[in-house]
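> Return a 3D structure for these sequence lines:
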Amino acid sequence: RVFNKEWTPKSFFAEVRSKAVCLICQETVAVLKEYHISRHFSTKHANYASNLSTQERAATADSKPFSEGELLKECMVETASILCPESKNKFEKISLSRRSVTRRIEVIDEHLTCKLNKKAESFTLYSLALDESNDIKDTAQLLIFIRGINENFEITEEFLAMESLKGKTEGEDLFNSVSAVIQGHKLPRSTLANVTTDGSPNLTGKNVGMLKRIQDRVREDNPEQEVIFLHCIIPQEVLCKSVLQLDHVVKPVVKLVNCIRARGLHHRQFIRFL
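Here you go, the predicted model:
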């Protein structure tokens with residue numbers, strides 16, 4: 001049986017992994033039939049629909065947040081038809097499709113990057129902060145932040161880039177990613193004063209770590225230049241754990257997470273279980 005999208009605005013059900021899930025109470029219906037879904041809604045949530053606003057109905061029908069461009073356009077057109085009917089056509093002509101929103105975000109990104117590059121041209125010294133971790137899909141993400149100062153002692157601190165590492169995450173891979181970002185933003189290595197990391201071995205290794213490679217590369221241009229390396233990025237969770245007495249909660253959770261993440265088979269089985 002196939003889930004009917006009309007059941008979402010009528011009975012507040014959505015399809016999640018081939019199951020009909022109630023958006024109000026999160027319960028599932030075993031059989032994908034309109035009778036069972038309608039009966040669930042009429043018996044358990046009969047008064048719910050009457051308390052919803054027009055905006056909440058639109059969000060439920062699309063199963064999307066208000067940040068969705070097409071949903072916003074729908075709400076704007078509906079509002080314009082009530083407040084200013086003569087301007088309704090103007091709102092209908094606004095393009096807020098996914099592709100349009102994506103293009104506009106890309107234009108904003110290019111504009112912000114150009115502004116940052118222009119500021120970076122006046123840096124007398126700058127430093128980088130790096131943090132490498134995995135996202136929910138186990139893809140390594142390297143976050144790079146920059147902090148620079150110009151001749152007028154004006155300090156600029158911005159997010160510089162995020163590099164996705166699809167393969168290995170050894171020191172050479174991280175070094176290549178950082179070097180590409182430095183070259184892409186036209187940052188001179190001669191004014192690099194400091195690099196701060198979270199202390200992982202692939203970043204701080206003495207022989208093949210990324211910091212060692214950065215220092216070697218800098219000394220090729222200027223043998224006397226010394227880059228200062230610091231380790232001061234502390235996750236907020238660690239700070240919270242050191243203050244609050246949560247060992248009875250943290251230790252079992254850490255044990256479970258380590259068991260699940262220790263082997264790929266355990267991780268896949270856990271995802272299938274969810």
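> Where does residue 88 sit, in terms of helix or strand?
Using DSSP states H and E, residue 88 falls within helix 88-92.
> in that helix, what counts as buried?
Buried residues in helix 88-92, counted by 16 or more other Cβ atoms under 10 Å: 88, 91. For the C-beta atoms, the positions are set from N, CA and C on the backbone; glycine is no exception.
> Show residues contacting it.
With contact meaning Cβ atoms under 8 Å, 6 or more residues apart in numbering, helix 88-92 is reached by 73, 76-77, 80-81.
> What separation is there between residue 92 and residue 85?
12 Å (Cβ to Cβ, to the nearest Å).
> Off-centre distance for the helix holding residue 88?
Distance of helix 88-92 from its chain centroid, counting by Cα atoms, centre = their mean, to the nearest Å, is 33 Å.
> Any chance you could give me the helix or strand where residue 218 lies in CSV, C-alpha atoms only?
Using DSSP H and E, the element containing residue 218 is helix 210-221. Extracted in CSV, the C-alpha atoms of helix 210-221 (Å, rounded to 0.1, in the frame of the first residue of the first chain):
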residue,chain,number,x,y,z
MET,A,210,49.7,18.7,10.0
LEU,A,211,51.4,21.3,12.3
LYS,A,212,54.8,19.8,11.5
ARG,A,213,54.1,20.1,7.8
ILE,A,214,52.9,23.7,8.2
GLN,A,215,56.1,24.6,10.0
ASP,A,216,58.3,22.9,7.4
ARG,A,217,56.4,24.7,4.6
VAL,A,218,56.7,28.1,6.3
ARG,A,219,60.5,27.7,6.8
GLU,A,220,61.0,27.0,3.2
ASP,A,221,60.1,30.6,2.5
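> Which other helices and strands does that helix contact?
helix 171-184, strand 192-197, helix 201-204 (3 or more Cβ pairs under 8 Å, 6 or more residues apart in numbering; DSSP states H and E).
> which residue ranges form the strands in the stretch 51-200 of the chain?
Using DSSP state E, counting those that start in this stretch, the strands of the stretch 51-200 of the chain run over 125-134, 140-149, 155-165, 192-197.
> sorry, back to before: from the contacts of helix 88-92, pick the one nearest residue 252.
residue 73 (47.2 Å; Cβ to Cβ).
> Name the residues of whichever strand or helix holds residue 43 that are buried.
Per DSSP H and E, residue 43 falls inside helix 34-44. Residues of helix 34-44 classed as buried by neighbour count (16+ other Cβ under 10 Å): 37, 40-41.
> From the contact counts, what lies against it?
helix 7-11, strand 13-16, strand 19-22, strand 28-29.
> Residue 179 is nearest to which of these?
Comparing the helices and strands packed on helix 34-44 by Cβ to Cβ, strand 13-16 comes nearest, at 43.1 Å.
> Name every strand pairing with that closest one and say which way it goes.
strand 19-22 (antiparallel) (DSSP bridges).
> any residues touching the helix holding residue 218, and which ones?
130, 171-172, 174-175, 178-179, 189-190, 192, 195, 197, 202-206, 225-227, 229.
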